[in-house]
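test case, fold it:
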Amino acid sequence: MFKNLFGKKEKDVDKNLEIKSPMNGSYVPLEDIPDPVFAEKMMGEGFGIDPSDGEVVAPVDGVIMQVFPTNHAVGIKTDNGAEVLIHIGLETVAMEGKGFEGFVSEGDRIEVGDKLVTFDIDLVKEEANSTISPVIITNSDELASFDIQSVSDTVKGETVVVKTAVK
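Take a look at the predicted model:
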């Protein structure tokens, strides 16, 4: 009773979350990503996008948790606590940031569709193992559900790829 009178009232947070595609391109099932760390869900549930151009936008609303120094990956924490990692291409860390430009910093508040990173897709095709870009929920153990939608081609910031909910 006293907790209700004097305790902090938690802000009502929607536990449901739609994750939109961060890129224009084609949907790739997680299991088909040619990297066992992602395909075997070692980092968590998710999906891949094979991009058709070099722009990455926010797939969710939230706060930027991490921008890798090379700009090849960005971590976002949503308001309901889901942690979303966007990893541009495979083995792109070896490119040491060449061809990548970041537009956000740690702590920035972002909304779906905000530009996060641009990259030279032709350079990634030349120098990386693949352009396929994993989108991973790194704290998947906190999810109550994870439902991949039936999609093939994706439009950045618009196509809903996953409907999920946190516990």
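
which other residues reach the longest helix anywhere in the chain?
In the chain, taking DSSP state H as the definition, the longest helix is helix 121-127. With contacts defined as CB atoms under 8 Å, 6 or more residues apart in numbering, helix 121-127 is touched by 51, 53-54, 88-89, 92, 94-95, 98-99, 131. The way it works is simple: take the backbone N, C-alpha and C, and place the C-beta from them, glycine included.

who wins on neighbours among the residues you listed?
Ile88 (32 neighbours; other CB atoms under 10 Å).

residue contacts, that residue?
Ile88 sits in contact with 51, 56, 72-73, 100, 117, 119, 124, 133, where contact means CB under 8 Å, 6+ apart.

can you give me the helices for this structure?
According to DSSP H, the helices that the chain contains are 2-6, 36-39, 121-127.

how distant is the last one from the center of its chain?
When you say that, I think you mean helix 121-127. 21 Å (CA atoms, centre = their mean, to the nearest Å).

list the buried ones in stretch 126-146?
Residues 128, 130-140, 143, 146 are the ones in stretch 126-146 that count as buried (16 or more other CB atoms under 10 Å).

what segments of the protein are strands?
For the chain, strands defined by DSSP state E occupy the ranges 16-20, 25-29, 45-51, 55-57, 62-67, 73-77, 83-87, 100-102, 109-110, 115-119, 133-137, 143-148, 153-154, 160-166.

which one of these lies closest to Phe38?
strand 133-137 (4.5 Å; CB to CB).

by contact count, what packs against that closest one?
strand 45-51, strand 83-87 (3 or more CB pairs under 8 Å, 6 or more residues apart in numbering; DSSP states H and E).
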